[in-house]
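K.L.:
Quick one: sequence and predicted model below, then my questions.
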Amino acid sequence: MDDTSKTNLLNLDQLAMQQFFIELGEKSFRGTQVFQWIHQHGVTDVTQMTNLSKVCQQRILEHCTFDVPQIAHDQQSVDGTRKWLMRLADGNNIETVFIPEDDRGTLCISSQVGCALNCTFCSTGAMGFNRNLTTAEIIGQIWVARKALNDHDKDSQNKKITNVVMMGMGEPLLNYDPVIRAMSIMMSDHGYNLSKYRVTLSTSGVVPKMYDLAKDSECALAVSLHAARDELRNELVPINKKYPIKELIAACKMFFADQPRRKITFEYTMLKGVNDTMLDAKQMAVLLKGVPAKVNLIPFNPFPDTKYECSERDHIVRFKNILVNAGINTQIRKTRGDDINAACGQLVGNFVDRTMRSKRILEKRSQGVAAHA
Ligand code: SAH
Ligand code: SF4
């Protein structure tokens, strides 16, 4: 049997793993044991899975693989942030970021190779899109990061990765099933045992999928708002033309309707002279009335050839105060890892763009150079 006809066990959530082991002629609990070896203990060498019979080990060797991304590049910021470029089996590369803080360690993972949505202030969007990640490639980012941080098999009080945010490359709700499966492995007590409050999916507003997500996962939700009126949001977050603000807010009101203590985080990137007036803040306060909301203001992180600049610091503080005075819990996100391009919206990986978007940008760039020469 060649490797392509084998099953990569990193693609299976706990239930699928049990089912798979029944098909292999084993009892379902063997599936749970292997699941624990992989995700709890970080072990993928079958001979080290000491509670399995020799026959079972042999069956696994014959029918299964344990494929995870490979680290192609490892960078560390002066502030302790780590960024890994991870190479996938097809040669594409994605980025994963670890952000250590005093009371937590957050892993920011990618859900797609690039992104098809083209938000105007995001460098991932500008690079175009190649393909969706598999469950194994999504959960594999945690598996690999834990290895690199030597974070496997510690008692749960001392874990380095305590939170996961789906805020790397890609729009997670446009890669729905693999993302749901990967998040279930993160939250499983036989997997990474992260609580539902510590696994956050961030979406730019794929409204119909938000209704599915409310049924299929208990994860926390972040919504990339960036503008409180359709005219401006259509420009910044083009998917708004398909799912306008009114529909987005209705989906947000539904999302935690049966969990009244939970709040949605609204992300708002501060773009100087574009979406940062005091009127914008007031409109946002009105929009979020009656929505279980907290707000994260993100200082814009620049990237080559962007037309945007970040709002001034004291301006961001004034914007924040308007929201706070309207009773909305609002934080200004600390920029981390910008010296290694690991901050929000700076992740680009290294891949073949299928949308031709990056080619158009390069052409524009070279025409610009010619014009200035
Ligand atoms: N596609 C998803 C998740 C990935 S983007 C989404 O859009 O929500 C994660 C967050 O970074 C989003 O809120 C996004 O709007 C923000 N972001 C993108 N580019 C940025 C930039 N250049 N500076 C600051 N934040 C940015
Ligand atoms: Fe895609 Fe999110 Fe970037 Fe928009 S902000 S282009 S949805 S990754």
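P.N.:
Arrived safely, thanks for sending. Ligands and ions are numbered 1, 2, ... in the order given.

K.L.:
where's Met187 relative to ligand 1, distance?
P.N.:
Relative to ligand 1, Met187 is positioned 19 Å away (Cβ to the nearest ligand atom, to the nearest Å). C-beta: built from backbone N, CA, C; applies to glycine.

K.L.:
OK, contacts around that residue?
P.N.:
Neighbouring residues of Met187 by Cβ atoms under 8 Å, 6 or more residues apart in numbering: Asn193, Leu194, Ser195, Lys196, Val199, Glu218, Cys219.

K.L.:
Now do the contacts for the closest residue to ligand 1 within the chain.
P.N.:
For the chain and ligand 1, the shortest gap (Cβ to the nearest ligand atom) falls at Gly345, measuring 1.9 Å. Counting by Cβ under 8 Å, 6+ apart, Gly345 makes contact with Phe121, Cys122, Ser123, Thr124, Thr269, Phe300, Asn301, Phe303.

K.L.:
want to throw those into JSON lines with neighbour count, secondary structure and distance to ligand 1?
P.N.:
As requested, these are exported to JSON lines (neighbours: other Cβ atoms under 10 Å; DSSP: H, G, I helix; E, B strand; the rest coil; distance: Cβ to the nearest ligand atom, whole Å):
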{"residue": "Phe121", "neighbour count": "24", "secondary structure": "coil", "distance to ligand 1": "5"}
{"residue": "Cys122", "neighbour count": "26", "secondary structure": "coil", "distance to ligand 1": "3"}
{"residue": "Ser123", "neighbour count": "21", "secondary structure": "helix", "distance to ligand 1": "6"}
{"residue": "Thr124", "neighbour count": "28", "secondary structure": "helix", "distance to ligand 1": "7"}
{"residue": "Thr269", "neighbour count": "28", "secondary structure": "strand", "distance to ligand 1": "4"}
{"residue": "Phe300", "neighbour count": "23", "secondary structure": "coil", "distance to ligand 1": "5"}
{"residue": "Asn301", "neighbour count": "22", "secondary structure": "coil", "distance to ligand 1": "4"}
{"residue": "Phe303", "neighbour count": "19", "secondary structure": "coil", "distance to ligand 1": "6"}
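
K.L.:
Show me which pair in those residues is furthest apart.
P.N.:
Using Cβ to Cβ, the pair of the contacts of Gly345 lying farthest apart is Thr124 and Phe300, separated by 14.2 Å.

K.L.:
in the stretch 1-150 of the chain, what spans have low per-residue confidence?
P.N.:
The stretch 1-150 of the chain contains residues with pLDDT under 70 at 1-3.

K.L.:
residue of it with the smallest distance to ligand 2?
P.N.:
For the stretch 1-150 of the chain, Cβ to the nearest ligand atom, closest residue to ligand 2: Gly125, 2.7 Å.

K.L.:
And for the stretch 201-350 of the chain?
P.N.:
Ser204 (3.7 Å).

K.L.:
Tell me, how many residues neighbour that residue?
P.N.:
For Ser204, the neighbour count with other Cβ atoms under 10 Å is 26.

K.L.:
just Gln18 next, same as before
P.N.:
19.

K.L.:
Now render the contacts of Gly345 as a markdown table, adding distance to Glu62.
P.N.:
Converted to a markdown table, the contacts of Gly345 look like this (distance: Cβ to Cβ, whole Å):
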| residue | distance to Glu62 |
| --- | --- |
| Phe121 | 50 |
| Cys122 | 44 |
| Ser123 | 44 |
| Thr124 | 40 |
| Thr269 | 50 |
| Phe300 | 52 |
| Asn301 | 48 |
| Phe303 | 47 |
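
K.L.:
For the residue nearest the centre of the chain, which residues count as its bridge partners?
P.N.:
Central residue of the chain (Cα atoms, centre = their mean): Met166, 1.8 Å from the mean position. Bridge pairing for Met166 (DSSP bridges) gives the partners Leu201.

K.L.:
what about it, distance to ligand 2?
P.N.:
10 Å.

K.L.:
Backbone torsions only: list them for Val317.
P.N.:
Here is the backbone geometry of Val317 (degrees, to the nearest 10): phi -60, psi -40.

K.L.:
With that, I have no additional questions.
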